[in-house]
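# Coordinates for the following, if possible.
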Amino acid sequence: MLGLRKEERPLAITAAVVFTILNGLLIYCHFDSFTRGARVGFWSVFYNHLCMSGYDVFSLIFISCMRLHWNALRHPLFVAVLLPLYWINHWLMPQTEFNFAVFLMAALLIAADVWGAILLHRILRDIVGVKLGDATLLTALFYGFAHVMTAAIVPDHFALSLPLLLLALLMTGRHLQRGTRFTWLQQALLFFLTAGVTLTNGVKIALAAWMVNGKKVFSWKSILSFVVPTLMLGAVFVWQQEAIIKPQEQRIKHIEAAVAKKDPARIERLKTHDAFVKKQNGEALTKDVPLLEWSDMTTSRTRSVVDNLFGESLQFHKDHLMEDVQQTRPVFVSYGSTISYVVEALLVLLLVAGAWVARRQRFFLIVATWFGFDMLMHLGFGFGINEVYIMTAHWAFIIPIAAAYLLRQRQDAWLRFAVAALTIWLWAYNGTVLVGYLLTI
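The predicted model follows:
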C-alpha cells in the first residue's frame, strides 16, 4: 500500500524539496543559538526565541535534555517517538558541543510531510477516483493552507498526527471498496498510534471502524482491540509520570523556590501572566474533570468560525502574525483586505458544494463524522477554541476530499480554473508571509 508509485514520484520530490527548504529556514533563523550544545539553558534557547502561533517547541527541549513539558495524558506516545532522537543527540552532543535536536526533528517532520502528501494524493486518486492532475492540484491546495504549511515545519505533534489519520482514511476507503472489514489487529494498531500521538484522534479510529464493520465492532475481540491499546497507553503514561515527570517536578519546585527568594518580582510577573492566560482561555465547563478543564464555554463561536476556524487556519492574518494567544495575540484578529474574506468564502463554498455532491458516499460520510467530532470538541466544548487554527491539520483535509468529489462529478474547466487560482493564491500569499516571517525572527 505504501510503496511509491511512478506517478507519485514528482509529488514526493517536490514535497521533500519544499518542506526541506521551509524547515531549513526555521533552523536558519536562530542557527547559532539552536545548535549550542554546552553551557546553555534549553528552555530559554527554544521557548523564549521560537514563537510560532502557540505551537509547542517542547520536542526540541526534550531531544536536547529529556525534559518533558507537554501534557503526557493528551500525547502519551509522543515521548516514545522522540526518545530515539534524544539518544542520538545525547550521544553526539557531548563530543561535539553541537545540539543536533533541530536537525533530528526536522528530518522526522520532513518524512511525515512527504508521507502525508502521498497518502492524501492516494486517497484522492484511489478512493475518490479523480484524475492525476486533479489529485495533485488538491494536494497542493491542502498544503497551501496557512496552518497546514506551518504545522509541517514546527516541532510539534501535528505533522505526525496528519499522516496517521490519512493512513487510517486510506485503509478505511480500501475496506469500503473491497467490502471487507477492519481486523482486530488493524484497529488496535491504528488506535494505538493515532491516540498515542493525540489522544482524541483515537475516537476517529473507533468511528471509522464502526462505519466499516457495523455491529461487528461491538464483538468482544473488536472491543479488546481498543481496550488493550488503551491500557498500553495508560502504562506508557504512568511510566512517564514516575520516570520523568515527578522527578522533573521536584527539580522545578527547588528552582522556583530559589527564584522566589532571589527575584520576587519575577514571581509576581508570572502570576499576572497566569491571570491573562485564564482570561484568554474563557470559562471552563468544569475544572474538576480531567480534560474538561481545557473546555471554554464563553468565547464567541461565530467570530471563532470566521476569524479563526476558516480564517487564520487557511490564510494568515498579517496583524499579530505568529503571535501566541497565551502571550500577546488577541483571540480575534480581522483581515485588512477584502480579498482574504473572498478567498475564505470561496473555500467554504467549495467545501459545502463538495459535501453536497458527496453526501451519499460512505467514505465521505466517515470523513464528515471526523470533521463533526472535531467541531463538537472545538465549537461545542470549546477545546482549544481560542487557538483552533493550530489544529488545522486534524480536520482540513475534508476540504480537498469534498472538492475532489465535486471535480469528479463536474467536468468543468472553470471550476478547475477556480481551484487552481485558489491554490496559487494560498501558496503565493501564505508562502510569502511564512518565509518573510522566518527570515526576520
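
# For R36, give me phi and psi.
Listed backbone geometry of R36 is phi -70, psi 130, with angles given as degrees, to the nearest 10.

# For the closest residue to it other than its chain neighbours, give me its contacts.
Computed as CB to CB, 6 or more residues apart in numbering, the closest residue to R36 that is not its neighbour in sequence is N99, at 6.0 Å. No exception for glycine: its C-beta is placed from N, CA and C like everyone else's. The neighbours of N99, taking CB atoms under 8 Å, 6 or more residues apart in numbering as the test, are F34, T35, R36, G37, V40, F42, S64, N89, M93.

# now, among those, which is nearest to P163?
The shortest separation between P163 and any of the contacts of N99 is 23.3 Å, and it belongs to N89 (by CB to CB).

# Any figure for the gap between that closest one and G196?
Distance, N89 to G196, by CB to CB, to the nearest Å: 22 Å.

# swap in A413?
Following CB to CB, the distance that separates A413 from G196 is 45 Å.

# And those two? Which one has more around it.
With other CB atoms under 10 Å as the criterion, A413 and G196 differ in neighbour count, and G196 comes out ahead with 25 against 7.

# Just the element for that one, please.
Secondary structure assignment for G196, by DSSP states H and E: helix 184-197.

# Check which residues of that helix are buried.
In terms of neighbour count (16 or more other CB atoms under 10 Å), helix 184-197 has its buried residues at W184, Q186, Q187, A188, L190, F191, F192, L193, T194, A195, G196, V197.

# Need the single longest helix in this structure, by residues.
Longest helix in the chain by number of residues (criterion: DSSP state H): helix 413-440.

# What residues sit buried inside that one?
Taking 16+ other CB under 10 Å as the neighbour-count basis, helix 413-440 is seen to contain the buried residues 415-416, 419, 422-423, 425-427, 429-430, 433-434, 437-438.

# Same check on stretch 296-304?
Along stretch 296-304, these residues count as buried under the neighbour rule (16+ other CB under 10 Å): D296, T299, S304.

# cool, stretch 329-343 as well?
R329, V331, F332, V333, Y335, S340, V343.

# Only C-alpha atoms, please: export it in CSV.
Provided in CSV are the C-alpha atoms of stretch 329-343 (Å, rounded to 0.1, in the frame of the first residue of the first chain):
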residue,chain,number,x,y,z
ARG,A,329,-2.2,37.8,20.3
PRO,A,330,-5.8,38.8,20.7
VAL,A,331,-8.2,35.9,20.4
PHE,A,332,-9.8,37.5,17.3
VAL,A,333,-7.9,39.3,14.5
SER,A,334,-9.6,40.7,11.4
TYR,A,335,-8.1,40.8,7.9
GLY,A,336,-7.1,44.1,6.5
SER,A,337,-8.0,43.2,2.9
THR,A,338,-11.4,42.2,1.5
ILE,A,339,-9.8,39.6,-0.8
SER,A,340,-8.9,37.4,2.2
TYR,A,341,-12.6,37.2,3.1
VAL,A,342,-13.5,36.5,-0.5
VAL,A,343,-11.0,33.6,-0.6
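
# List the contacts of the nearest residue to L193 once chain neighbours are set aside.
In space, not counting the residues next to it along the chain, L193 is nearest to L164; the distance is 5.4 Å by CB to CB, 6+ apart. Contact analysis of L164 by CB under 8 Å, 6+ apart lists L190, L193, T194, V197, N201.
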